[in-house]
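Student: build the 3D model from these lines:
(chains A, B and C)
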Amino acid sequence: MERAPVRNAASGADALAVRGLRAGYGRKLVVFDVDIHVGAGEIVALAGHNGAGKTTTLKAIFGILPPAGGSISYFGSDRTRASPRSNVIDGMSLIPAERFVFGDLTVRENLLLGGWHVRSAGAKQRNADRAARLFPILRERESQRAGTMSGGEQRMLSLGIALMSEPRLLLLDEPSLGLGPAIVLELFDTIRLLAEEEGLSVLLLEQNIGQALRIADRFYAMRNGRIILEETAALMRRRHDYWDLF
Amino acid sequence: MGEFNLASLLQLTLNGIVSGTAYALLAVGVASIVGVTGRFHVAITVSYTLAAFVAAWLGGLAGVPFWPALLVGALCAALAGILMEAFVYLPLSLTAMRLGANVFLMTFVASLGLSIVGRNVLALTSLMNPSLLISGFNNVGLNVGPATITTLDLTMVVTSWALIGAFSLVLSLTSLGRMIRAVRANWQMSLCVGIDPRLIYRVVFGAGSFLAGAGGIFAAAKTSATPGMGVVPLFYALVVAFLAGLATPPWLVGLAGLALGLVQSYSSLFLPTQWTPLLVFAILFVFVALRPLDVRALQRRFIRTQRQAG
Amino acid sequence: MELLFGYVDQVLIFVVFALSLNLLLGYTGQISVAHAAFGAIGGYTLAYLSLHSHVPAVAGVALGILFAGLAGFLVGVPALRLKAEWLILLTLSVQIIVNLSVATSRPLGGTYGLQDVTGLSFFGRPLVNPSDMALPFAVCALLVLAICCRLGESPYGRVLRGIREDEIACRSLGKRVFVYKLTAFSLSAALAGLAGAMLVIETEIAAPKQFLFDVSSAIVAMVVVGGSGSIFGPVVGVLLLSVLGPLLERVLNLGADAAFTWRLVAYGAALVAIVMLRPAGLVPDAMTRRLGGLLRRSDGTGATSASRQSAFEVSPLSVARTSPAAYGAAAPVASASGEAVVAVRGLSKHFGGIRAVENLTLELRSHSITALVGPNGAGKTTVFNLLTGAIRADGGTVELRGRDISGLPPDAVARLGMARSFQDVRIFPRLSALENVLLGIGNQPGEHLWPLFARPRLVAQAERAGKERAHEWLRFVGMAQQANVPAGALAFGEQKLVALARVLATEADVVLLDEPASGIDVHWVDAMLGLIDRLRTQGRTICLVEHNLHVVERLADRTCFMELGRITAQGSFAELTADRRLAEAYFGTGAGA
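Tutor: Numbers count the residues shown, from 1 in each chain, chains lettered A, B, ... in the order given. Below is the predicted model:
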């Protein structure tokens, strides 16, 4: 499918603008001077080999890992040292690559946890309805323990949890990991739909470049903690293979 | 050794329920704190004992009736727990993590230190009168068929189970309870949905210490409040909490405590009474020693490492 | 005067208690809250024997030590696999069981204990007054100090500290971790038995209240406050916590009751304060102290300035080239070029319903580098875990030089000549770089108890030779200048190089490298690749898992492509990347792109 041209190319209202980000764990700095921006309603893919620093970048953006340098702005406001809690309340949502549901809790409880900060009961209900419309299985299985669901169902639930928090920016860490091709297809279509219909902005970490390019507007590649390439998805799709990026 | 007849059996059952309920209440506090926060909080004895002392002072010095004294005492216990988490365990775990030291060991030793401080500060306050009585409860014996139970014990059993039940309901039905279980089930993911685990830790320390405090007040009302009153109950509570499992709902931990109380009570039929505690700890030793490897947890771990790297 | 000697005796007894626990807690990293109970076993043995027989006191003490050691062994067996909180619970139950047993046993005097344990003598000198005991107690304490020093500050102690830092890494280097843990548990309990016997001699009774849980936790506190893992730390802890009592009594002029209680308050508060302010204790061991200092000083953005500078001055490759002897001295048996060294047939592993590795067949040849590549979750690290015995295969065989090694534990596999590195390094942070590499060297007599005490000269010689070799390996990877730096203070890239030196020091001729270049800075990647390349020319058999495909392209002689637990293609890197289907599998471009 061909995508509309990139929106919001250089406006100040980027959903996310990361500049010169440096981050790491204690003495181990793994992300160096990373610049990333995500326009409102844009899906941006970030690819790279394992250990390239993608997840670390994501954690620093979300506030789990305090950045060692650089700045992060979110819809124009500075968020460089904001806590995950305040980020979630302002509509940023992160789905980790693994252990992305509360296994001991039921599906319903998982969804409620996603929207714990939404005050109005009506809004809660609307969010739950929307999640159920996108993933009917979440309503069918609402009293099942999340840990007993299949990998694909847990993935859908994780997206449901994120939707309950009324997100404006979704940070997805390898949503295709461990899933069969059919489920990946369905999941990614849903993400595309959310971006087009509701203007959701998405930063998508993927190794599955083919799937990512199918829905992304723009593409970054990372290697050894640095961004080595920024390109439109349309241009990327014309390539034969991507071996040189890994 | 007891004689086996219906009357003695009933009496043993009542005794078992009473002692088992006492274990249960403290065990629920211990299990929730250790299970959610991972801190081996032996200083929960401070909360247990402090509550009893506060209740005794309120009753003895100010003439406060039993139930308000119980409430205030248990609230003081909760506050003590929260303060220990906020001003000792949390900063300590952050320092230890930064220096690469063993966080679990350090918090355990700090907890030992806190329990020594707490016990002896309370001892200093009671140097003049070594045993403080909790007044205001009109304790009489009740006949249950051929057996007897005191009104205090009956009140303790009913109140304890009401508290355990209420805590279970809070955990399973309320938003706060969901957050507590979320932090216990998946700490990382709870961060991702915007829950602050530090706040949840404080809540859990408060709730667990409140339950412990209530238990301490009842124990002291039965005899008296002494600085060292928390040590032995803590041992039993640890046994119950670990036998039942740290991620088990409170009412189930409570039932495990009840079962232990009954086993101990019935065992006096065929064991000299001074040996029954030995039985309890022998069960614990065998359980821990033979604890089969948690195969499923291992598998999960390997799948995770494999996914990370493979 | 006798009062003073009484204090001295008490201090000496607790010095022995603390040193004994330090062996377990400080060196091996295993907690015990049952050391008072082990002391009780030693003490009651002495008391019972001296009341009921005419064996000399020395024999009674010796038997007490023996029984306590046996008890330690029995507790140590179930303790082997337990995590800290369960270990606390296990030893707590031992503590209470021992207490209740002696308190309910009529032959042992019940709650009153065995009284009037008098008339003991030490080599003809009667032990009546505290002053009589000071000398023999001091001899005992010094002896225990010497033993602990020998055990701790030796190759044996190095293994214990390795276990404390990272048990899995220790096993991967071929150490029999379970044996070490068990001997450490037994020795520690035996020495606690000695302390218990001394306590009985001093107080002339053996009673349950002398050996309560509180005593056990006091011993834990003394070790941690003083500094676990250092030789003199626990001694300082004992001195500090025991002088508090007399001091408060004198200075504050309180009634005996109040002084006792105040002392305990001060003691508990000191414990909390020290743990919070100095998590490593008052006298931390040298490495912990240096590590703490370096971590505090550094800005947290990478290497310390000194090491960063040296890293650029001394390129690993240039150093290796200027000392060609470095490798030759420690070369493994050279095998004919291209010989198949490892043969894997039909290897399978299922986790629940997930087929992590499915009927995998693989051959690793000497003088060559085989790379495993494939999408995330293909099972590459699981293959390493299966090859080295870290997890047990459901089916299939692994042969190393024609010998079936399926089902062997990781330490045995390492001793047979197949060693691995870890993606997350698993360095021993509170050991120096040199000690990290020393732990890789096999067959050191000093790592075993008998030669350690019986053949000190042999041990010293071997240790000198071992250090020389370890230095050579550090030179080989270009880390010679950082030999004495705690590994935890090195930059991540430097840690990876030290970890490589550690694997090479095992002299395993099959080396499995898990993501050797991941997470390290570009500068280190080049150094690392150069080293691995050199290993190939020197005849080792190398297999690596790597996500950085540039690394694979530069190094691999043969690349195996893994998907869903199987190897679906092999060949040169160029051949594989030319294959359209593999590209689709790797990038997911097959479906609907």
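Student: list the residues that contact A:T57.
Tutor: By Cβ atoms under 8 Å, 6 or more residues apart in numbering or on different chains, the contact set of A:T57 is A:18, A:21, A:23, A:31, A:34, A:36, A:46, A:222. Backbone N, C-alpha and C define where each C-beta goes, glycine included.
Student: and the closest residue to the fifth one other than its chain neighbours, how far from C:M133?
Tutor: In this case it means A:V34. Excluding the flanking residues, the one nearest A:V34 by Cβ to Cβ, 6 or more residues apart in numbering or on different chains is A:L21, at 4.4 Å. Using Cβ to Cβ, to the nearest Å, one obtains 67 Å as the distance from A:L21 to C:M133.
Student: next: B:P65.
Tutor: Distance, B:P65 to C:M133, by Cβ to Cβ: 57 Å.
Student: I'd assumed the residue nearest to A:V34 was in a helix, is it?
Tutor: No: looking at A:L21 with DSSP: H, G, I helix; E, B strand; the rest coil, it is strand, so not inside a helix.
Student: quick check, stretch C:86-103 touching chain B?
Tutor: Yes: residues of stretch C:86-103 contacting chain B under Cβ under 8 Å from any Cβ of the partner chain: C:86, C:88-90, C:92-94, C:96-97, C:100-101, C:103.
Student: run a quick neighbour tally on the residue in the stretch 1-150 of chain B positioned nearest to chain A.
Tutor: The nearest approach of the stretch 1-150 of chain B to chain A comes at B:R98, 7.6 Å away (Cβ to the nearest Cβ). Counted with other Cβ atoms under 10 Å in any protein chain shown, the neighbours of B:R98 add up to 14.
Student: now the one 5 residues further on
Tutor: One way to gauge burial is a neighbour count; for B:V103, by other Cβ under 10 Å, it gives 19.
Student: ramachandran coordinates for it?
Tutor: In terms of degrees, to the nearest 10, the main-chain angles of B:V103 are phi -60, psi -50.
Student: what helix or strand is the closest residue to C:M276 other than its chain neighbours on?
Tutor: Excluding the flanking residues, the one nearest C:M276 by Cβ to Cβ, 6+ apart is B:L92, at 5.2 Å. In the assignment (DSSP states H and E), B:L92 maps to helix B:90-99.
Student: list, one by one, the residues from chain A near chain B.
Tutor: Residues of chain A found near chain B, taking Cβ under 8 Å from any Cβ as the criterion, are A:26, A:50, A:62, A:64, A:83-85, A:87-89, A:93-96, A:98-105, A:109, A:112-114, A:116-117, A:161, A:165, A:177-178.
Student: please convert the buried members of those into ChimeraX selection syntax.
Tutor: Buried subset of the residues of chain A next to chain B, written as a ChimeraX selection, criterion 16 or more other Cβ atoms under 10 Å in any protein chain shown:
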select /A:50,62,64,83,84,85,87,88,89,93,94,95,96,99,100,101,102,103,104,105,109,112,113,114,116,117,161,165,177,178
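Student: just the residues of chain A next to chain B: which are in strands?
Tutor: The strands, defined by DSSP state E, take in A:93-95 from these.
Student: in chain A, which spans are strands?
Tutor: A:16-25, A:28-38, A:43-48, A:69-74, A:77-78, A:92-95, A:169-173, A:201-205, A:218-223, A:226-232.
Student: which residues touch residue 70?
Tutor: Using chain A. With Cβ under 8 Å, 6+ apart, A:G70 has these contacts: A:18-22, A:33-34, A:80.
Student: wait, I meant chain C there
Tutor: For C:L70, the contact set (Cβ under 8 Å, 6+ apart) comprises C:S186.
Student: which element is it on?
Tutor: Using DSSP H and E, C:L70 falls in helix C:57-79.
Student: for that helix, what is the distance to the chain centroid?
Tutor: 23 Å (Cα atoms, centre = their mean, to the nearest Å).
Student: buried stuff in that helix?
Tutor: C:57, C:60-65, C:67-69, C:71-73, C:75-76, C:78-79.
Student: and the next helix or strand past that helix?
Tutor: Next in sequence after helix C:57-79, counting helices and strands by DSSP H and E, comes helix C:84-104.
Student: kind regards, and thank you for your time.
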